[in-house]
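Trainee: Turn this into a structure:
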Amino acid sequence: MTIIHATDTTLKNEIQKEGLTIVNFWAPWCGPCLMFAPILETFRSAGSHNVKIVKVNVDVSEAMASLFGIMSIPTTILFKDGIPVDNRSGVLSVEGLEQFISGHNK
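Mentor: Numbers count the residues shown, from 1 in each chain. Here you go, the predicted model:
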């Protein structure tokens, strides 16, 4: 599954109604965001999970960033069955991402 790039108008349609979706809020000028991008790719390519990954550029999608109260980036929100259930700010490792979803992957 590829990483989806969503906007204000497409994000709600990208969040899975069943299962888990990770939404990463980022910006191209954000150093930690750029460090996190290859980690998300590695996590995605590991493929041992059934999690949809969506990225939202806060410079382009200000309404969604505001709606979800994004105050710092990168911020990653975990949705389960379309409902936000957890969030993390900062760069996570692949192992950190796995731990992030593990408690909700039931």
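Trainee: switch to C-alpha atoms for all contacts and neighbour counts from now on
Mentor: Will do.
Trainee: quick one, what contacts the residue sitting nearest the centre point of the chain?
Mentor: With the centre of the chain defined as its mean C-alpha position, the nearest residue by CA atoms, centre = their mean is residue 23, 2.3 Å away. With contacts defined as CA atoms under 8 Å, 6 or more residues apart in numbering, residue 23 is in contact with 53-56, 76-79.
Trainee: Reduced to three states, what does it come out as?
Mentor: Using DSSP: H, G, I helix; E, B strand; the rest coil, the three-state assignment for residue 23 comes out as strand.
Trainee: before we move on, what about residue 17?
Mentor: Taking three-state DSSP as the rule, one finds residue 17 in the coil state.
Trainee: What mean pLDDT does the helix ranked longest in the chain get?
Mentor: The single longest helix within the chain, with elements called by DSSP state H, is helix 31-46. Predicted confidence along helix 31-46 averages 93 (mean pLDDT).
Trainee: thinking again about what came up before, who is the residue nearest to the centre of the chain paired with across the strands?
Mentor: Per DSSP bridges, the residues bridged to residue 23 are residue 54, residue 77.
Trainee: Look at it and report its pLDDT.
Mentor: Residue 23 carries a pLDDT score of 97 in this model.
Trainee: May I see the buried residues of stretch 33-49?
Mentor: For stretch 33-49, burial by neighbour count (16 or more other CA atoms under 10 Å) applies to 33, 36-37, 39-40, 43-44.
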